[in-house]
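# below are the sequence and a predicted model; questions follow.
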Amino acid sequence: NWNAVSDSRNICPTGWHVPTDAEWTKLTNYLAANGHKGTEGTALKSASSWSEERNGTDNYGWKAFPVGYRFNSGHFYGVGHYGYWWSSSESNTSNAWYRSMDNDIDSVYRTKFKKKLGISIRCLKD
């Protein structure tokens, strides 16, 4: 959950960090400016594992897999259909910003999520 992201023990290895909301925006802006406007998600999605044959092109070796998320009850949702990744930025006391990719959509979504839900992270080199 997001508390692990914000924990001072650091979830990423030394020299790496969970990207901020602004760093995620920088990535999607870069993709849009370099031929992937509206297809940012497709450029990052893995070339396999997405349901309904909606795989990505993985132009940058990012290999975004559709692992869904985990409810605090332990149940999983969206495996094969959605990928979710935390940012280190809070939206408010209950929510934090994240990015998602969907097997039916070519772009990358930015929205907020309840901090108690378990979603993936990607570590960014400092």
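Happy to help now that I have it.

# pull the number of nearby residues for Ala22.
10 (other CB atoms under 10 Å). (Each C-beta comes from the backbone N, C-alpha and C, glycine too.)

# quick check: closest non-adjacent residue to it.
Ser89 (7.4 Å; CB to CB, 6 or more residues apart in numbering).

# phi first, then psi, for the residue most central in space within the chain.
Nearest residue to the geometric centre of the chain (CA atoms, centre = their mean): Trp85, 2.5 Å. Torsion angles at Trp85 (phi, psi; degrees, to the nearest 10) stand at phi -140, psi 130.

# for Tyr84, same thing?
Dihedral angles (degrees, to the nearest 10) for Tyr84: phi -130, psi 140.

# might one say that it is in contact with Ala96?
No: contact criterion CB atoms under 8 Å: Tyr84 and Ala96 do not qualify, at 11.3 Å.

# overlap of the contact sets of these two?
Common contacts of Tyr84 and Ala96, defined by CB atoms under 8 Å, 6 or more residues apart in numbering, comprise Phe113.

# part of a strand, is the residue nearest to Ala22?
Yes: counting by DSSP: H, G, I helix; E, B strand; the rest coil, Ser89 is found in a strand.

# so what's it up against?
Per CB under 8 Å, 6+ apart, neighbours of Ser89: Thr20, Asp21, Ala22, Ala96, Trp97.

# hmm, 7 Å instead?
By CB atoms under 7 Å, 6 or more residues apart in numbering, the contact list for Ser89 reads Thr20, Asp21, Ala96, Trp97.
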